[in-house]
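>>> One predicted model, sequence on top.
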Amino acid sequence: MIEMNQLQSGIVEAASKVRASNPMAGSITNSVTIDFVANAQLAVGGSAAMVYLPDEGECLVAAGGAVYINMGTLLPVYEETLPRTAAAAHAAGKPWVLDPVGIGIGSLRTKLLRGFKPYKPAIVRGNASEIIALAGLWDLEGDASELSRARGVDTTDTVAAARDAAVALARYTGGAVAVSGESDLVTDGSTVAYSTGGSALMGKVTGFGCSLGGVAAVYAAQADPFTATLAAVAHYNVAGTRAAATADAPASFKVAFIDELYRATPDDIANNPLRIEEA
Amino acid sequence: MIEMNQLQSGIVEAASKVRASNPMAGSITNSVTIDFVANAQLAVGGSAAMVYLPDEGECLVAAGGAVYINMGTLLPVYEETLPRTAAAAHAAGKPWVLDPVGIGIGSLRTKLLRGFKPYKPAIVRGNASEIIALAGLWDLEGDASELSRARGVDTTDTVAAARDAAVALARYTGGAVAVSGESDLVTDGSTVAYSTGGSALMGKVTGFGCSLGGVAAVYAAQADPFTATLAAVAHYNVAGTRAAATADAPASFKVAFIDELYRATPDDIANNPLRIEEA
Amino acid sequence: MIEMNQLQSGIVEAASKVRASNPMAGSITNSVTIDFVANAQLAVGGSAAMVYLPDEGECLVAAGGAVYINMGTLLPVYEETLPRTAAAAHAAGKPWVLDPVGIGIGSLRTKLLRGFKPYKPAIVRGNASEIIALAGLWDLEGDASELSRARGVDTTDTVAAARDAAVALARYTGGAVAVSGESDLVTDGSTVAYSTGGSALMGKVTGFGCSLGGVAAVYAAQADPFTATLAAVAHYNVAGTRAAATADAPASFKVAFIDELYRATPDDIANNPLRIEEA
């Protein structure tokens, strides 16, 4: 298991590199929160570009340091776009981030998510129900009957209940998995880290999960998947904690949050409360 | 005709239930204001999920307490998605909300809106021109030549001019109809209620109408269509009035408005100025 | 070359007319910043409507004073929608605004952009790399190998480097071209104007370029292309300068910016620093 101060210095390095190099991480993401994803990526120091078409997904892989696929609002053309983009990232050895949001809703989503398995996303981010459902769909932990345990886009499970599924997913992909919740779990299959902070208001605004996936992709362009995910999650928690100190209602909280993403220094991010244990 | 204090206690009950039960109301809605719809639904205490594909629309009907269909930015696949979603809601006896925005623009929109007639939306919300045009399209009041009286998405008629169309629509559907304007009209076909408040700045920001439809769907998951519509409209008016007390320009007004949606109590909502008369 | 005070009185007149007449400028624009485009159009005094389908694009041309085409997130149906909309505007003699964002990404984008040439947009707005690439694609200046010099949606060139391409484009279209940068260049092919102001924070929020195109379309509904573009660019610069005086981080800056768009008077806009020279 990695040591805490090693993790923290990795986070400082990742955040510093992102600020210095402005890495581009393209996205195919849902239209509900697409603006939040892009603005969060810019606020942390990255660059954003969003597309829908198959060859454009491949272009983003070639042009950027990482790619983000969020399953939110599927279009018919995604039947071609998403597999080709994931395959291109896998073939190029570039990290890609998967948010399996809405898993269990509709047949195309299930088909696409099942098909992603060989392309091993460097980072998977979801809520507890989504992570349990994906591990089941990929026959890694639990079974496919877990598929529809989410309620729309909301979790019905605790982070603790998703621990085994997250570890199993990370061991399979060789990357990292983040489970969002009151205390966020991040694992690479051998270490399980818990990052705390943020605010209950994050559940009263759409897109904190989606945009975290986009920010993780920005970090993945400059750091290994586990460090990138830890940095993104810690960045979100420190910004959420600070935003909640100045705003007590959802819309002003969202504005304050993005401002705090922009203001947080690499040290602020690395010093956000973190606890680790063996997987 | 229902009595005022009965309406008000119904509004208090609806708002309390929504806060307590966090009802999910899925949407198929336009991409311009989709983020505003979701954030307004969350701010009032509901849960949001948005999709585009036919079987996903049916999933949202099955998973949620109500469904919202907004005609804003039609995609080709909506030719299948929208009728199947409306039919599924009708068959399941679940309330669905229709916003006929853009009525008169393009052939698919007209075809889809005409086809909705047998599926009787529990709530129709629009501006005066849209309500007049829909009543004409459905041969309920006026005629189909009313179709293109809107200018893009703006009304060219007064709320008073849409009274008969609104009453005719509500009598046909057996649900409720809301006509947005300086004073908002809500009717169930036997009572006509007028709710006041809000701010002229609501016309300087896109999405107040669209997001009101989404909030009405959240309320419809917990109350009858007339009470749900009255609660949603009153919630918007009280939040708009309060936001205008702290913000005098559009973007800060929108932030303040969503914050005030979140802060308004059931009593605040029920006590917003309301006037009723027989239809 | 036109004289400075003539330009300024033209800007005052354009801004006054827009406020007085609330012109509608429909858009086919990307989903990342579609809400920002609409809200900016409303804040400056215009009206907005967004569509995706071919006959709806034609409807917007017929119903509005100008049309805006932004290439951001292409959908398959755009293969038909964009040419028909541009052709309809050209045939009707109505001004249309082109933002060639993402030029070089994917085959459909290149095909569509090449096909726009005969429809001569009244206004082209882009960053330096996009303007150079478009002039190359249209064989006006440089060559088609310039196509992929942008990095995703970011420029890799300076405004000065795009001067010749901008002048060549404007001479070809008979309209105006704007190159966004630290100092914004606007030309009609005989005069080159430089407008300054704004803030570096405009690069930390997505959509300042896209929404400027939408605002230029609103102005083009009431003024000649060169005056319209100058007014839109100056409006953005004065609002950006003022917003930066009250906000020092991206999300609060965006809110302040839209508020300042709404507050700026025709005189404020005309008096924003402007420098002109012969092309």
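Here it is on my side, so go on. Numbers count the residues shown, from 1 in each chain, chains lettered A, B, ... in the order given.

>>> Enumerate the residues of the stretch 151-279 of chain A near chain C.
The stretch 151-279 of chain A has residues A:254, A:255, A:256, A:257, A:258, A:259, A:260, A:262, A:263 near chain C, with proximity defined as Cβ under 8 Å from any Cβ of the partner chain. (C-beta placed from N, C-alpha, C; glycine too.)

>>> rerun that using 6 Å as the cut-off
Residues of the stretch 151-279 of chain A lying near chain C by Cβ under 6 Å from any Cβ of the partner chain: A:255, A:258, A:259, A:262, A:263.

>>> same check, this time on the stretch 1-150 of chain A
Counting by Cβ under 6 Å from any Cβ, the stretch 1-150 of chain A sits next to chain C at A:24, A:31, A:34-35, A:38-39, A:42-43, A:47, A:49-50, A:52-53, A:55-56, A:59, A:63, A:77.

>>> Now, of those, which are buried?
Among the residues of the stretch 1-150 of chain A next to chain C, the ones that count as buried by 16 or more other Cβ atoms under 10 Å in any protein chain shown are A:24, A:31, A:34-35, A:38-39, A:42-43, A:47, A:49-50, A:52-53, A:55-56, A:59, A:63, A:77.

>>> Which of these fall in helices?
A:34, A:35, A:38, A:39, A:42, A:43, A:55, A:56, A:59, A:63 (DSSP state H).

>>> okay, the first one: pLDDT?
When you say that, I think you mean residue A:34. Looking at residue A:34, its pLDDT is 97.

>>> wait, what's in contact with it?
A:50, C:31, C:32 (Cβ atoms under 6 Å, 6 or more residues apart in numbering or on different chains).

>>> Please report how far the spatially closest residue to it that is not a sequence neighbour lies from residue C:71.
Excluding its sequence neighbours, the residue lying closest to residue A:34 (Cβ to Cβ, 6 or more residues apart in numbering or on different chains) is residue C:32, at 5.1 Å. Relative to residue C:71, residue C:32 is positioned 12 Å away (Cβ to Cβ, to the nearest Å).

>>> For the contacts of residue A:34, give me CSV that also has distance to residue A:279.
Compiled in CSV, the contacts of residue A:34 are given as follows (distance: Cβ to Cβ, whole Å):
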residue, distance to residue A:279
A:50, 34
C:31, 39
C:32, 37
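
>>> which one of the residues you listed sits closest to chain B?
Minimum distance to chain B across those is 4.7 Å, recorded for residue C:31 (Cβ to the nearest Cβ).

>>> Quick check: which element contains residue A:136?
helix A:128-137 (DSSP states H and E).

>>> Same question for residue A:113.
Using DSSP H and E, residue A:113 falls in helix A:107-115.

>>> for the closest residue to residue A:276 other than its chain neighbours, what are its contacts?
Residue nearest to residue A:276 in three dimensions, not counting chain neighbours: residue A:193, with 4.7 Å by Cβ to Cβ, 6+ apart. Going by Cβ under 6 Å, 6+ apart, residue A:193 touches A:186, A:274, A:276.

>>> In three-state terms, how would residue A:193 be classified?
strand (DSSP: H, G, I helix; E, B strand; the rest coil).

>>> Report pLDDT for it.
The model reports residue A:193 with a pLDDT of 98.

>>> cool, residue A:146 as well?
You'll see residue A:146 listed with a pLDDT of 66.

>>> do the same with residue A:201
According to the model, residue A:201 scores 97 on pLDDT.

>>> Confirm for me that it is in contact with residue A:255.
No - using Cβ atoms under 6 Å, residue A:201 is not in contact with residue A:255, being 11.6 Å away.

>>> taking the contacts of residue A:34 one by one, which sit in strands?
Mapping the contacts of residue A:34 onto strands (DSSP state E) picks out residue A:50.
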